[in-house]
Each structure stands twice: as structure tokens, then as C-alpha cells.
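**Student:** Pasting the sequence and the predicted model now:
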Amino acid sequence: MADVLEPVMAQAQSGLSSGAAGEPVDCTDRYCIVGAGSSGLTAAKNLKQQGIVCEVFEREDGVGGNWYYGKPNSSVYRSTHLISSRPLTEYTDFPMPADYPDYPSHEQVLAYFQAYARQFDLYPLITFNTSVEHVAPVGDPAQATPLWDVTIRRAQGSEHGEAMSETRRYRGVILANGHNWCPKYPDYPGTFTGQTLHSSDYKTPDALEGKRVLVIGAGNSGCDIAAESATHAKKTFLSTRRGYYYMPKFFFGRPVDQVGERLLDLGVPLGMRRMIGKLTYSLAVGDLSRYGAPRPDHKLFETHPIVNNQLPYYISHGDVIPRPDVREFAGDTVVFADGGSEPIDLIIYATGFRIVFPFLDAGLLNWRSGYPSLYVNVFSPQYDNLFVVGLIQPDSGQWGLEDWQSQLIARFVVAQQRHPAKAARFRAMKQRGQENYSGGVKYKESTRHYVEVEHHSYRNRLRRLVARLA
């Protein structure tokens, strides 16, 4: 397939080109990939391996996406580590280095992505410092395989010189711009006159020093920041709407997710896994309600997993004080749902992110009640050449799942050309839209669970679909 790729690869390396005045640049021999983070990299790798010509646009000056610490669109903070262990996070064909710890740091993660891009020679496919401004189908929007016009904008001062904007016309588009970058804020009555940050803006504990800090939200970032605040702030409060299971990172000396993976591989039923998980929790953490934390109002696995050793420690020492949901703001005072109140200097909203594709009409992604309804969270029911990679919230590592998603995309693209009967069967399946990928778990009603998947059953589903199109 190298002979198919090489001529157009050279065009991709040449940077931005220009077409006739007012006419889109003709790129109808290739796919456009939006973003060079974990999703975009594996999408490019898998398309390239199947002989599908593509090019990638990345608004930053390097790969890594959310894991490119310090960049405007990165939400990781200086102390960020993975919460899923190495073998359950890595790509399917590119293991992390053996000398990496069980839970690598963001620096190691970025180095891993850079090595992946070098290993599979992806850098020639990527144009950096270039954002995607608009994506739209050409002609009849009811057509299953329209061409796509993509308007891109090159940043001022990039390696290509002056800022400029142009439109290119592509064979298809893969959206890999991520969904953990547009902050979501709750709406509380009243006005808070102190300082506020979203967790995506928090970077170092300097911001906490000597302050009375309230962290709102008990996602993994919120718990990490609350634990960090415990040793830097004057006082730390953690406000949550409900109680959660704060699982330890290790159990009997092994990463806790690897213990859970073994049970899944053995086919242990959900009820039995819950019993084992609750036993693990009671042995390693215990009842945090003794220290004011609310008891979980749901069964284990019914909310996105929180993996944190430090937070229970600081709660039990009184260094992080649990509080219920916020009722209202009153100047520099926060009033909670139980009627209690605290003077607060800094609020950190660890309240998640909105799923947005600002450059694309939401209707093109079969939008339903706040999120796209896509087959296996990837495939448009309508279009055969518009895909999304990474639009999942798994209960384990993500990059291997993104790899399987990209393998499936590449095989569907190939099947449309070479195996029309297989493609037709798959097309009929994807017209269903989003299915249930919970593995039997009934998730709590929450925006954070819009794209939640139980990783083991979801991965098996992707594997079976790849095999059908192989």
C-alpha cells in the first residue's frame, strides 16, 4: 500500500496550498482528521495502515492534545497522573515503556504520544498551529457520502509565516478534537465575590496557598485538586451532590483496575463483581460517613469510577471537609443545601465539560438531548464518511478503545470500496444510532454519563465489528 500513499503524502508535507480564487482546494483524495491528540494520532495511524490517505490539523504546536501540559487547550495540571494503569490504557500495538510506573505522569504520557507519532511516521501528516474553523457537507445534505468542505486557519507566527484562512474539500472527515476542553459550570442563585477557577484552568498549588478553598464536584480531577489543596490551602472543603466510592489505586499490591480486569476476563457476573468491589472498598477505605462524607446513594459501578488514595486519607484527617451541594452564594460566603455556610476565598469548579463541536452543525451528528447519538459512539447513522473518535467516557483506559474505534473506521472505509456487501450490512447496523454499552450497569442520570461505556463489553463489541469487516 506504500505506493498508494507516498505521492499524496508528499502533498501533505508541503503545508497549506491555494486553489483558484474562491474555490476550495481539491483534497478529495484524502480524509481530514481534526486534532492530533490521543484520538487523532491513532485515527491517522490506522487510516495510513489501510492505505487511506489523510492529513491532520492540530491547533497547538505539537501532538498530545489534552496531555500537552501548559498549552491553552490542555486541562491537565502539574501533578496529573493516569488513573487507569499502563496496560489498560495504552494503544493496542504500542506498549508503554517497561520502565514507566503503573500510573504514568503527564510528562511520560506526552513522551509516549510523541514516540507513537515517530514510530508510525505520523508527523509528515500533521499540520500544526492550524485550527479547524468550519466543517460542512457539499451539495445535498441527505447524501450518504458527500464531499466535505473544511475551513482551516493558520496561526500567526507559525512555521508557515503569516496567518491565513482557506477552505479545502475532502473525501471525508474524522472528528478527534476531544470532549474534555469546554468547561461546564453549574448555575447557583446569588453572586460569589471571591475568585473562581474551573479545574481545567488549575495548574499548580500556588493558586491555593493560604486560602479557604471550596472544590465543587467529585470527579477524578476534583478529588486530585482537593487532596492537593489539603496540604497548601488554609482550609479545604469538597462539595458534592451525592456520596461516591473513592477506590484505591492498588489492591493487594496490584493496580485495582487490573484486578477488576481479571474478573471481567473470567466472566464473573456483575453482582459478584460488586460484592468483591465493595469488600475491597471496605477493607481499603472504610466508611467515610464517620467524617461527614455522604454515603453513596447508588450501587458500585453506577457512577464513573473515582480512583484516589489520597482523598480518603485527608478526609479522615480533617484536612478536606465534606460539604453537600451548594444552595446559593452570598458575597464571599457559600451556603450549602443543609443550611450550613462557609466564607470562601476560592472556588474551583470540577464540574466537567460540555460536549461541543463548535465548527460543525450539531444536526450533522444526530444530536439527541445534549450529545450525539452515534453507533458505537463513532458512526453517523446518516453519513458514511463522517466519524468521531474518542467520544467516550470509559470506566478504564481510553487510548486502546480509540485504537479499536479507528481500526473499525478504516475497515469500513475500505469495505465501501472493496467489499460493498459487507459495507451494506454494517451501514444497516449503524443506522440504529447509539446503543447501550453499559455492560448491564444502570448509570445514574447525569450529564457525565452521556457517553459512559463499560470498557470490557464495549471493547469486545468493537473487536467483533472489526472482525466482520476484516
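**Tutor:** Now that the structure is in, tell me what you want to look at.
**Student:** Now do the helix or strand containing residue 416: which elements does it pack against?
**Tutor:** Here residue 416 sits within helix 399-418, counting by DSSP states H and E. Applying 3 or more Cβ pairs under 8 Å, 6 or more residues apart in numbering; DSSP states H and E, we find helix 399-418 packed against helix 38-49, helix 420-430, helix 455-469. The C-beta positions use only the backbone N, C-alpha and C, and glycine is treated the same way.
**Student:** quick one, what contacts residue 147?
**Tutor:** 28, 137, 138, 139, 169, 170, 171 (Cβ atoms under 8 Å, 6 or more residues apart in numbering).
**Student:** Could you list which of those residues belong to strands?
**Tutor:** 28, 137, 169, 170, 171 (DSSP state E).
**Student:** re earlier: report the lowest-confidence entry in the contacts of residue 147.
**Tutor:** Within the contacts of residue 147, residue 139 has the lowest pLDDT, namely 85.
**Student:** which non-adjacent residue is nearest it?
**Tutor:** Nearest residue to residue 139 in three dimensions, chain neighbours excluded: residue 146, at 5.7 Å (Cβ to Cβ, 6 or more residues apart in numbering).
**Student:** got it, and residue 52?
**Tutor:** Closest residue to residue 52 apart from its sequence neighbours, by Cβ to Cβ, 6+ apart: residue 413 at 5.5 Å.
**Student:** and the helices and strands packed on helix 399-418 as a markdown table, adding mean pLDDT and distance to residue 241?
**Tutor:** Shown next, in a markdown table, are these (pLDDT from 0 to 100; distance: least, Cβ to Cβ, whole Å):
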| stretch | mean pLDDT | distance to residue 241 |
| --- | --- | --- |
| helix 38-49 | 98 | 29 |
| helix 420-430 | 96 | 35 |
| helix 455-469 | 97 | 25 |
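**Student:** Present those helices as a markdown table; the columns should include mean neighbour count and distance to residue 121.
**Tutor:** Below are these laid out as a markdown table (neighbours: other Cβ atoms under 10 Å; distance: least, Cβ to Cβ, whole Å):
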| stretch | mean neighbour count | distance to residue 121 |
| --- | --- | --- |
| helix 38-49 | 27 | 8 |
| helix 420-430 | 15 | 28 |
| helix 455-469 | 17 | 23 |
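**Student:** So residue 444, which state does it fall into?
**Tutor:** coil (DSSP: H, G, I helix; E, B strand; the rest coil).
**Student:** Check whether it really touches residue 303, as I assumed.
**Tutor:** Yes. Using Cβ atoms under 8 Å, residue 444 is in contact with residue 303, at 5.3 Å.
**Student:** ok, back up a step: let me have the helices and strands packed on helix 399-418 in CSV, adding distance to residue 276 as columns.
**Tutor:** Output for the helices and strands packed on helix 399-418, formatted as CSV (distance: least, Cβ to Cβ, whole Å):
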stretch, distance to residue 276
helix 38-49, 30
helix 420-430, 34
helix 455-469, 15
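**Student:** Go through these and name the closest to residue 408.
**Tutor:** Smallest distance to residue 408 across the helices and strands packed on helix 399-418 (Cβ to Cβ): 5.2 Å, for helix 455-469.
**Student:** so what does that closest one touch, helix or strand wise?
**Tutor:** helix 256-265, helix 399-418, helix 420-430.
**Student:** Apply 10 Å and report the result again.
**Tutor:** Contacts defined by 3 or more Cβ pairs under 10 Å, 6 or more residues apart in numbering; DSSP states H and E place helix 455-469 against helix 256-265, strand 393-394, helix 399-418, helix 420-430, strand 452-453.
**Student:** what's near enough to touch residue 100?
**Tutor:** Contact analysis of residue 100 by Cβ atoms under 10 Å, 6 or more residues apart in numbering lists 82, 86, 90, 108, 109, 111, 112.
**Student:** Mind doing that once more with 6 Å?
**Tutor:** When the contact criterion is Cβ atoms under 6 Å, 6 or more residues apart in numbering, the partners of residue 100 are 86, 108.
**Student:** mind showing which ranges of this structure have poor pLDDT?
**Tutor:** Applying pLDDT under 70 to the chain flags the ranges 1-21, 157-162.
**Student:** Mind doing that once more with 50?
**Tutor:** The chain contains residues with pLDDT under 50 at 1-18, 20-21.
**Student:** Tell me the most packed of the ones in strands among the contacts of residue 147, by neighbour count.
**Tutor:** The residue in those with the most neighbours, by other Cβ atoms under 10 Å, is residue 170 (25 neighbours).
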